[in-house]
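**Student:** Here's my sequence, what's the structure:
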Amino acid sequence: MTLGEKIQNLRKQRGLSQEALAEMVNVTRQTISKWELGQSTPDLDFIVNLSNIFNVSTDYLIKNEIIEPSEPQFKKRTGYYQISEKSKRIILAIISATMLVAICVCLICDYFTGHELSWSFIAIVSIIAAWFMTLPVLAAKTKLVQKTLLVISIIPIPLLAILAFLLHKPIIFKLGTCISLVTIAALWIIYGIFCKYRTRLWKASGFALLVIIPVAIAITHITAKFIPKNQVDFTSDIFNCVITLVLSLICFGLDYLSVRKKEEA
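**Tutor:** All right, here's what the predicted structure looks like:
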């Protein structure tokens with residue numbers, strides 16, 4: 001059995017499409033197709049990545065063995081489990097049913113305790129927003145992180161508008177929107193950083209921590225502007241910045257050591 005045939009068989013066993021596998025390996029779908037057809041061969045780094053994804057040894061992928069991978073050939077990996085598409089659908093159905101039950105319970109409790117519907121609307125809106133945020137994680141087959149971030153970017157502002165209307169507190173929408181926009185922008189920047197340094201997680205973590213510093217300061221000052229009672233504590237800001245900066249430098253140092261170790265190997 002050739003390397004391409006093994007990749008194709010393992011991909012189908014895991015219930016992955018070529019697009020899904022391409023996203024996990026950080027290549028195009030056409031590249032996966034060429035690998036499976038034997039038109040090209042993945043580099044060693046990609047073979048290691050594929051062995052991690054399929055939970056098989058690199059020897060099994062590289063050597064032209066005819067036998068299927070048996071239990072001893074699989075690498076033991078703790079803390080790692082891939083959920084099948086069928087399991088995702090079942091989990092999504094359970095979560096959806098649970099949320100519907102929660103909505104019904106809120107409506108019943110609200111009506112029979114106050115003989116009118118009041119706070120239940122707030123709970124229902126929050127439950128629906130949580131369901132929409134959970135949906136990409138269990139329903140998306142490709143670009144899971146992008147789709148999840150997209151939903152997280154869209155949901156907060158309408159949710160805040162509805163909550164502000166129900167509670168008759170315009171400040172909820174104004175303050176929440178400002179903080180949401182800053183946080184969402186930071187999340188997309190951090191996502192871009194990890195995409196760029198996918199193979200160097202320590203370096204990506206260092207840059208992500210640097211992004212967090214101005215975000216935390218911005219949120220503090222925005223809150224102080226809308227709520228005058230909350231005064232800005234510059235000493236606390238400086239202390240938090242120094243701690244985050246130290247953590248960032250530690251991540252960069254670990255990245256440097258990791259790169260040196262690979263070069264020496």
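**Student:** C-alpha only now, for contacts and for neighbours.
**Tutor:** OK.
**Student:** Now residue 199. Its backbone dihedrals?
**Tutor:** When read as degrees, to the nearest 10, the backbone of residue 199 gives phi -90, psi 0.
**Student:** Roughly how far does it sit from residue 26?
**Tutor:** Distance, residue 199 to residue 26, by CA to CA, to the nearest Å: 10 Å.
**Student:** Quick one: the helices in the protein, in order.
**Tutor:** 3-13, 18-25, 29-37, 44-54, 58-62, 85-114, 119-139, 144-154, 156-167, 170-196, 201-226, 234-264 (DSSP state H).
**Student:** Can I get those helices in TSV including mean pLDDT and mean neighbour count?
**Tutor:** What follows is the helices of the chain, written out as TSV (pLDDT from 0 to 100; neighbours: other CA atoms under 10 Å):
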stretch	mean pLDDT	mean neighbour count
helix 3-13	88	18
helix 18-25	85	18
helix 29-37	90	17
helix 44-54	84	16
helix 58-62	82	17
helix 85-114	86	14
helix 119-139	88	17
helix 144-154	88	16
helix 156-167	92	17
helix 170-196	93	17
helix 201-226	91	18
helix 234-264	90	14
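**Student:** Next, the contact list for residue 42, please.
**Tutor:** residue 35 (CA atoms under 8 Å, 6 or more residues apart in numbering).
**Student:** Which phi and psi values does it adopt?
**Tutor:** phi -70, psi 150.
**Student:** Over to residue 169?
**Tutor:** Dihedral angles for residue 169 - degrees, to the nearest 10 - are phi -130, psi 90.
**Student:** how near is it to residue 126?
**Tutor:** Taking CA to CA, one finds residue 169 at 16 Å from residue 126.
**Student:** what's the answer for residue 3, then?
**Tutor:** Residue 3 is 49 Å from residue 126, by CA to CA.
**Student:** Next: residue 147.
**Tutor:** 20 Å.
**Student:** so how far is residue 21 from the nearest residue to residue 145 once chain neighbours are set aside?
**Tutor:** Residue nearest to residue 145 in three dimensions, not counting chain neighbours: residue 137, with 7.8 Å by CA to CA, 6 or more residues apart in numbering. Separation of residue 137 from residue 21 (CA to CA) stands at 16 Å.
**Student:** Equivalent analysis for residue 250, please.
**Tutor:** Taken as CA to CA, the span from residue 250 to residue 21 is 33 Å.
**Student:** thought residue 7 was touching residue 36?
**Tutor:** Yes. With contact defined as CA atoms under 8 Å, residue 7 counts as touching residue 36 (6.2 Å).
**Student:** what domains does the record give for this structure?
**Tutor:** 3-73, 83-154, 174-265 (automatic domain parsing).
**Student:** of all these, which lies closest to residue 163?
**Tutor:** domain 83-154 (6.5 Å; CA to CA).
**Student:** what about the closest one, distance to the chain center?
**Tutor:** 18 Å (CA atoms, centre = their mean, to the nearest Å).
**Student:** what does stretch 215-227 give?
**Tutor:** That offset, for stretch 215-227, works out to 26 Å (CA atoms, centre = their mean).
**Student:** What residue in the chain is the furthest from its centre?
**Tutor:** residue 115 (42.0 Å; CA atoms, centre = their mean).
**Student:** Over to that residue: give its phi and psi.
**Tutor:** phi 60, psi 20.
**Student:** and the gap between it and residue 168?
**Tutor:** Distance from residue 115 to residue 168, by CA to CA: 21 Å.
**Student:** likewise residue 153?
**Tutor:** In terms of CA to CA, residue 153 sits 24 Å off from residue 168.
**Student:** can you check residue 130 too?
**Tutor:** Residue 130 is 22 Å from residue 168, by CA to CA.
**Student:** What of residue 113?
**Tutor:** Taken as CA to CA, the span from residue 113 to residue 168 is 22 Å.
**Student:** now do residue 190
**Tutor:** Taken as CA to CA, the span from residue 190 to residue 168 is 35 Å.
**Student:** Also residue 4?
**Tutor:** In terms of CA to CA, residue 4 sits 61 Å off from residue 168.
**Student:** In contact with the closest residue to residue 178 other than its chain neighbours: list those residues for me.
**Tutor:** In space, residue 178 comes closest to residue 222 once its chain neighbours are excluded; the distance is 7.4 Å by CA to CA, 6+ apart. Going by CA under 8 Å, 6+ apart, residue 222 touches 175, 178-179.
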